[in-house]
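Engineer: What follows is a predicted protein model with its sequence.
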Amino acid sequence: CWFYPRQCHGDSDNMKEGGPKAGYFYVHYYDLNLLTTCWNISEPPAGPGFASVPGCICADFAHDLEGGPKSGYFRVHYNDLNILMDNWSIAEPPTGPGIPPDCLECVGDGKSAGGEKEAVVAEPVDVEKLLDWLAEIWLDPEVREHIDAEAWLKMYESIKALE
């Protein structure tokens, strides 16, 4: 998965979703489903690790670790959710600007294929922005049709606990 052209921008499957009327998107339902499924899975020794769930390596958009020794370390967490949010529903040409397929060009920088950040740091989390975005997604009937409600609610509740 770390070799998809848009993976560092939130594309976990290298596939377009959508249609000709609304446009085609590389970062959409499947990517959100995978991120929510892999959310908060602690790395060993605190948990089984994200590699224990098929496909979770694809949701590690930031290629970093977040958390700490007390809470455990996570490969799929806030930095990954922020990446997904920033690129959510950006339509591909001709209906939109598209997401650049430049992740493979960044090999070794810690943000894309082949590179992994050594530092265990999370970008500042705007909890209110995350919750607003997740609520907006949840209220969209078309999105709700396609997302895993149980995994989404689990992720939403873990973020809500930060307030």
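Structural biologist: Great, that's in hand. Residues are numbered from 1 along each chain as shown.

Engineer: Now do the same for the most far-flung residue of the chain relative to its centre: helix, strand or coil?
Structural biologist: Most distant from the centre of the chain: K21, at 25.4 Å, with distances by CA atoms, centre = their mean. Each residue gets one of three states, and K21 gets coil by DSSP: H, G, I helix; E, B strand; the rest coil.

Engineer: mind checking pLDDT for it?
Structural biologist: pLDDT, K21: 87.

Engineer: S71 too?
Structural biologist: Value for S71, per-residue pLDDT: 80.

Engineer: distance of it from L130?
Structural biologist: Here S71 is placed at a distance of 17 Å from L130 (CB to CB, to the nearest Å). The way it works is simple: take the backbone N, C-alpha and C, and place the C-beta from them, glycine included.

Engineer: if you count what's nearby, which of the two comes out ahead?
Structural biologist: More crowded of S71 and L130, by other CB atoms under 10 Å: L130, with 19 against 11.

Engineer: That one: which element?
Structural biologist: helix 127-139 (DSSP states H and E).

Engineer: Using PDB, write out every CA atom in that helix.
Structural biologist: Extracted in PDB, the C-alpha atoms of helix 127-139 (Å, rounded to 0.1, in the frame of the first residue of the first chain):
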ATOM      1  CA  VAL A 127     -10.800  18.400  18.100                       C
ATOM      2  CA  GLU A 128     -13.700  20.700  17.200                       C
ATOM      3  CA  LYS A 129     -12.800  20.700  13.500                       C
ATOM      4  CA  LEU A 130     -12.500  16.900  13.500                       C
ATOM      5  CA  LEU A 131     -15.900  16.400  15.300                       C
ATOM      6  CA  ASP A 132     -17.600  18.900  13.000                       C
ATOM      7  CA  TRP A 133     -16.200  17.200   9.900                       C
ATOM      8  CA  LEU A 134     -17.200  13.700  11.200                       C
ATOM      9  CA  ALA A 135     -20.700  15.000  12.000                       C
ATOM     10  CA  GLU A 136     -21.100  16.400   8.500                       C
ATOM     11  CA  ILE A 137     -20.000  13.100   7.000                       C
ATOM     12  CA  TRP A 138     -22.400  11.200   9.300                       C
ATOM     13  CA  LEU A 139     -25.400  13.500   8.400                       C
END
